[in-house]
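Undergrad: fold the following, please.
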Amino acid sequence: MSFAEQLSRLQAFLDADDLHEEALDYVAAHGYLTALSICPDPVPEQEWIDALFAEPPHYRSDAEREEIEATLLQLKAHIARQLASDEDPELPCELDLGDSPDDSDLRGWCIGFMEGVFLREEAWFEESEEEVSELLLPIMIASGLFEDQPDFAEIAHDRKLVDEMIQQIPDLLTTLFLLCHAPEEKPALLKPRHH
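TA: As a prediction, the model looks like this:
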């Protein structure tokens with residue numbers, strides 16, 4: 001089976017109605033796996049798979065479970081390769097919140113990404129808190145998870161600003177990946193040297 005076929009089977013599985021209501025659908029799972037690929041502190045496979053589904057899905061067979069989990073691992077590896085390459089990472093949705101942001105795929109993707117961040121929140125902000133916070137801002141805004149906080153609500157009301165921020169997401173992902181994974185001698189370009 002080709003990777004594309006595996007992905008469409010994964011998508012059908014994740015988008016089915018019989019998963020737990022807090023399980024991530026395909027687009028959210030992609031955001032989640034993207035965050036896990038960037039996270040400086042690797043999260044054990046079984047932990048993130050369990051968190052993705054919220055509770056164990058009702059698989060038809062062990063073979064189906066193995067196939068779904070293997071495809072999730074492959075998708076995560078695929079995303080990590082994209083992030084490490086010079087190409088812009090591809091998102092499985094338009095960079096647009098549309099007229100009803102709550103129903104948009106991009107919102108779902110950003111919520112999934114933030115779920116991935118929350119799994120190891122401390123690790124994300126340990127090294128360069130300010131820079132990481134700045135880079136995550138467009139994803140945090142687009143996720144809608146922080147709208148009850150005045151600073152976020154203010155930005156969220158400025159649609160033009162939000163649209164501009166959203167367009168930066170693919171670039172930000174690459175920057176975040178490099179920030180979290182660049183070998184120690186390289187980030188001299190990114191952060192001041194401590195003498």
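Undergrad: got the CA positions of the longest helix along the chain in CSV?
TA: Criterion DSSP state H: the longest helix present in the chain is helix 62-84. The C-alpha trace of helix 62-84 is given here as CSV (Å, rounded to 0.1, in the frame of the first residue of the first chain):
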residue,chain,number,x,y,z
ASP,A,62,-5.1,-6.1,16.0
ALA,A,63,-4.0,-5.7,12.4
GLU,A,64,-6.1,-2.5,12.1
ARG,A,65,-4.5,-1.1,15.3
GLU,A,66,-1.0,-1.9,14.0
GLU,A,67,-1.8,-0.3,10.7
ILE,A,68,-3.2,2.9,12.2
GLU,A,69,-0.4,3.3,14.7
ALA,A,70,2.3,2.5,12.0
THR,A,71,0.7,5.1,9.7
LEU,A,72,0.7,7.7,12.5
LEU,A,73,4.4,7.0,13.1
GLN,A,74,5.1,7.3,9.4
LEU,A,75,3.2,10.5,9.1
LYS,A,76,5.1,11.9,12.1
ALA,A,77,8.5,10.9,10.4
HIS,A,78,7.3,12.5,7.1
ILE,A,79,6.5,15.8,8.9
ALA,A,80,9.8,15.8,10.7
ARG,A,81,11.7,15.2,7.4
GLN,A,82,9.7,18.2,5.8
LEU,A,83,10.6,20.4,8.8
ALA,A,84,14.3,19.5,8.5
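Undergrad: so which elements touch that helix?
TA: In this structure, helix 62-84 packs against helix 3-14, helix 26-38, helix 45-53, helix 169-181, with contacts taken as 3 or more C-beta pairs under 8 Å, 6 or more residues apart in numbering; DSSP states H and E. C-betas here are computed from N, CA, C, even on glycine.
Undergrad: to L136, which of those helices lies closest?
TA: helix 169-181 (7.5 Å; C-beta to C-beta).
Undergrad: which parts of that closest one are buried?
TA: By 16 or more other C-beta atoms under 10 Å, the buried positions in helix 169-181 come out as I169, P170, L172, L173, T174, T175, L176, F177, L178, L179, C180, H181.
Undergrad: least trustworthy helix or strand in this protein by mean pLDDT?
TA: Sorting the helices and strands of the chain by mean pLDDT, DSSP states H and E puts helix 150-156 at the bottom, at a mean of 91.
Undergrad: next one: that helix to chain centre, how far?
TA: On the basis of C-alpha atoms, centre = their mean, to the nearest Å, helix 150-156 sits 22 Å off its chain's mean C-alpha point.
Undergrad: out of the helices and strands packed on helix 62-84, which is the most enclosed?
TA: The highest mean neighbour count among the helices and strands packed on helix 62-84, using mean count of other C-beta atoms under 10 Å, belongs to helix 26-38: a mean of 26.
Undergrad: so which elements touch the least confident helix or strand of the chain?
TA: helix 129-143, helix 159-167.
Undergrad: contacts for the first one next, please.
TA: Right, the one you point to is helix 129-143. 97, 101, 106-107, 110-111, 113-114, 117, 124-125, 146, 152, 155-156, 162, 165-166, 168-169, 172, 175-176, 179, 190-191 (C-beta atoms under 8 Å, 6 or more residues apart in numbering).
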